[in-house]
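S.K.: show me the folded form of this:
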Amino acid sequence: MKIVIIGGTGLIGTKTGDRLRQQGHEVIAAAPSTGVNTVTGEGLSEALAGAEVVIDLANSPSFEDKASMDFFETSGHNLLAAGKAAGVKHHIALSVVGTERLQEVGYFRAKLVQEQLIKASGIPYTIVHSTQFMEFLGGIAQSGTVGDTVYLSPAYVQPIASDDVADVMAGVALARPINGMFEISGPERTRLNELVARYLQVSGDPRKVVADPEARYFGARLNDGSLVSDDNPRLGHITFEQWFATSARK
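M.R.: All right, here's what the predicted structure looks like:
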């Protein structure tokens with residue numbers, strides 16, 4: 001089966017592609033670096049020709065409000081039109097747990113628009129909502145850093161390792177479309193400030209983490225339900241300690 005992964009050279013795309021190739025499928029890693037651009041449309045129809053499944057893992061290059069919306073609207077329209085023309089039988093997209101609850105932030109408004117375009121496209125689809133990747137903990141720490149102190153919300157998080165995400169995405173690619181959404185999370189729920197403090201400690205980073213209920217998460221004020229799923233998510237297997245021991249140091 002031919003499967004096209006948009007954003008196929010990124011973290012999740014590379015791992016998902018490896019899993020599908022190991023099972024004997026033809027996988028196209030579509031990205032600007034491989035000659036496929038969903039914003040301009042360059043190489044899109046050629047990449048999708050004969051494809052049965054498209055997995056959209058592309059992300060906006062900017063978190064800024066207008067740039068995010070422009071990216072997801074334009075990319076979404078182009079990709080879905082090309083998929084319809086190519087006769088794609090299953091359109092899969094990776095989105096974020098809490099997207100509908102974080103609409104004060106332009107990036108999440110843009111992600112919601114992306115999901116709405118998929119639902120209205122007429123192409124059979126599956127949308128996967130994931131909690132934050134463990135690989136993003138360093139970036140989250142940096143976002144809250146002032147001097148030698150990291151100010152972060154004490155809201156709950158349940159991050160998932162990218163290997164667990166890739167396992168799910170590869171499985172969805174080989175399953176029937178559900179024409180709906182399901183959620184995935186890591187195995188452990190903890191508070192954001194406490195998890196980042198653990199991450200910095202085991203990394204040998206001397207920064208101090210302070211719990212601040214008013215601290216913004218990339219522009220959003222959080223509560224205990226903002227970033228976690230209580231909708232019977234599929235749980236990954238990799239704990240923070242396991243992830244750090246095998247992945248964080250690579």
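S.K.: for the rest of this, base every contact and every neighbour count on C-alpha atoms.
M.R.: Noted.
S.K.: can you list the residues that contact the helix or strand harbouring Ser95?
M.R.: Using DSSP states H and E, Ser95 sits within strand 90-96. Contact partners of strand 90-96, identified using Cα atoms under 8 Å, 6 or more residues apart in numbering, comprise 52-57, 111, 118, 123-132, 172-173, 176-177.
S.K.: quick one: buried residues of that strand?
M.R.: Buried residues in strand 90-96, counting neighbours by 16 or more other Cα atoms under 10 Å, are found at 90-96.
S.K.: same question for stretch 217-229.
M.R.: Using 16+ other Cα under 10 Å as the test for burial, stretch 217-229 gives 217, 220-222, 226-229.
S.K.: now, the residues you listed that are in strands?
M.R.: Counting by DSSP state E, those place 217, 220-221 in strands.
S.K.: pick the one among these closest to Thr246.
M.R.: Each of these was scored against Thr246 by Cα to Cα, and Tyr217 proved nearest at 27.1 Å.
S.K.: re the thing from before, dump the buried residues of stretch 217-229 into TSV; add pLDDT and distance to Gly76 as well.
M.R.: Formatted as TSV, those follow (pLDDT from 0 to 100; distance: Cα to Cα, whole Å):
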residue	pLDDT	distance to Gly76
Tyr217	92	25
Ala220	90	24
Arg221	92	28
Leu222	95	28
Ser226	96	25
Leu227	96	24
Val228	97	26
Ser229	94	25
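S.K.: now those residues as JSON lines including distance to Gly7?
M.R.: Output for the buried residues of stretch 217-229, formatted as JSON lines (distance: Cα to Cα, whole Å):
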{"residue": "Tyr217", "distance to Gly7": "24"}
{"residue": "Ala220", "distance to Gly7": "26"}
{"residue": "Arg221", "distance to Gly7": "29"}
{"residue": "Leu222", "distance to Gly7": "29"}
{"residue": "Ser226", "distance to Gly7": "26"}
{"residue": "Leu227", "distance to Gly7": "24"}
{"residue": "Val228", "distance to Gly7": "25"}
{"residue": "Ser229", "distance to Gly7": "25"}
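S.K.: sorry, back to before: of the contacts of strand 90-96, select the buried ones using a ChimeraX command.
M.R.: Those of these that count as buried under 16+ other Cα under 10 Å are selected in ChimeraX with:
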select :52,53,54,55,56,57,111,118,123,124,125,126,127,128,129,130,131,132,172,173,177
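S.K.: so which of the contacts of strand 90-96 are in helices?
M.R.: 111, 118, 172-173 (DSSP state H).
S.K.: could you single out the nearest of the residues you listed to His237?
M.R.: Nearest to His237 out of the ones in helices among the contacts of strand 90-96 is Val172 (Cα to Cα; 17.2 Å).
S.K.: follow-up on the earlier one: and the buried residues of stretch 217-229, which is closest to Ile140?
M.R.: Among those, Tyr217 lies closest to Ile140 (Cα to Cα), at 8.0 Å.
S.K.: residue contacts, that closest one?
M.R.: Counting by Cα under 8 Å, 6+ apart, Tyr217 touches 143, 152-153.
S.K.: many thanks, we can stop here.
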